[in-house]
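Build me a model:
(2 chains)
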2 protein chains.
Amino acid sequence: MTATTRTRLAPDQRREQLLGLGLRLFAGSSIEDISIDRLCEEGGVSRGLLYHYFGSKQGFHEAVIQRAADDLIAQTAPPEGDDPIAKLSASLTAYVDYVIANHQGYRSLVLAAAGGNEGVRAIYEQARAVMIDRTFETPGVEALLVDTPATRLVVRGWVAFVEDTVLTWCDTPDGVTRDELARIVTDALPALVATLR
Amino acid sequence: MTATTRTRLAPDQRREQLLGLGLRLFAGSSIEDISIDRLCEEGGVSRGLLYHYFGSKQGFHEAVIQRAADDLIAQTAPPEGDDPIAKLSASLTAYVDYVIANHQGYRSLVLAAAGGNEGVRAIYEQARAVMIDRTFETPGVEALLVDTPATRLVVRGWVAFVEDTVLTWCDTPDGVTRDELARIVTDALPALVATLR
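Residues are numbered from 1 along each chain as shown, chains lettered A, B, ... in the order given. Below you'll find the predicted structure:
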């Protein structure tokens, strides 16, 4: 047996640990700049084990992005209630808090989506579609949103607005508070939709 | 001498032709998926000539993105006039028309910006900064925009909104006309800024 500093973890724990490492690595570099050797060294696993879990570097990348997308969708689910604006506000505040707490994972997701890889872009587009559909399906939202092609276009653009605004704010908050940010991205939706009337 | 189908062009014409080819190729694929051989074959130039003009594949990519950014900025300059909304509308209509006419170059620019390459991202960020600064510096705009950190954040987010909305519309116009699209992206700015009051 060779000497090793590797920690023995149960397979699920090891997989979780590698996904966490991936979020950190892919947030700072594009996939082609990350070597499998560095990944394995930082994760304390062999190449064989990484391939066992994820098939390839690309497979690992996709698993990391899927995890970031799933977390984001789960944590920003609108709460129960009758007031669509209150639900929107709660969902957007959760979104801001998710990005604050998971800045690197979120940046991974957004950067990877535009990085030209089809598999990753599909994960991102699906997450976006879930968030857009959810906006239209929130009970009580009919008063705010009429489901037309123009409204769909605006709601999709609003998601891009939210994404960019929150990510920019994380880098340079410039005196704008978390509450102000949450209010800006919430109020943006009814303001944008109102221009269609 | 070997037989060749290459057309003899003046250096400036050849450089322009290669930039046009680059816009087409980079719009459809990420830089790492494009082979230098394919580039040279489609451009009808030798590897030596490509390197002579652009230094490297990366240098070529950056020149292509810089060209797309310069064209976009030049073609969307706000016209003379007193009414800030009319100037905004003219600039945004030019923007929509630029994207319709240069769909591939525009997509190259947006995709490349998020693709993780520092040089390309810097070109994109600079183009974005020019468009944001120009919005604040338009004479007469003071009535519409007060230059605060929150307004800067919203204007930057609005640029992301415009980018996403116009690009989505190009793929799936879904009955929304070019005039409606131009009106949506124009009206979005005062609507978003009004939420800050």
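
And the residue lying closest to A:Val141 once chain neighbours are set aside, what's its pLDDT?
Closest residue to A:Val141 apart from its sequence neighbours, by CB to CB, 6 or more residues apart in numbering or on different chains: A:Pro84 at 4.4 Å. Glycine gets a C-beta too; all of them are placed from N, C-alpha and C. At A:Pro84, the model reports a pLDDT of 89.

Please, which helix or strand holds A:Arg38?
Here A:Arg38 sits within helix A:36-43, counting by DSSP states H and E.

And the contacts of that helix?
With contacts defined as CB atoms under 8 Å, 6 or more residues apart in numbering or on different chains, helix A:36-43 is touched by A:17-18, A:21-22, A:25, A:46-47, A:49-50, A:57, A:60.

The residue nearest to A:Phe136 when sequence neighbours are not counted - how many residues pack around it?
Once flanking residues are discounted, A:Phe136 sits nearest to A:Asp147: 5.5 Å by CB to CB, 6+ apart. Taking other CB atoms under 10 Å in any protein chain shown as the neighbour definition, A:Asp147 ends up with a count of 11.

With A:Arg197 instead?
When counting by other CB under 10 Å, one arrives at 5 neighbours for A:Arg197.

and it, how far is that from A:Asp83?
Using CB to CB, to the nearest Å, A:Arg197 is found at 21 Å from A:Asp83.

ok, now A:Arg15?
Taking CB to CB as the measure, A:Arg15 falls 40 Å from A:Asp83.

Of those two, which one has the most company?
A:Arg15 (17 against 10).

gap between whichever strand or helix holds that one and the chain center?
Assigned by DSSP H and E, A:Arg15 falls within helix A:11-28. Centre-to-centre, helix A:11-28 and its host chain are 15 Å apart (CA atoms, centre = their mean, to the nearest Å).

mind saving the C-alpha coords of the helix holding A:Arg38 as CSV?
Extracted C-alpha coordinates of helix A:36-43, given in CSV (Å, rounded to 0.1, in the frame of the first residue of the first chain):
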residue,chain,number,x,y,z
ILE,A,36,-8.1,16.8,-14.4
ASP,A,37,-4.9,16.3,-12.3
ARG,A,38,-5.6,19.5,-10.4
LEU,A,39,-9.2,18.5,-9.8
CYS,A,40,-8.2,15.1,-8.5
GLU,A,41,-5.4,16.6,-6.3
GLU,A,42,-7.7,19.2,-4.7
GLY,A,43,-10.5,16.6,-4.3
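
what's the angle between that helix and helix A:11-28?
Note on geometry: by axes from the mean of the first three to the mean of the last three CA atoms, to 10 degrees, helix A:36-43 and helix A:11-28 are set 120 degrees apart in direction.
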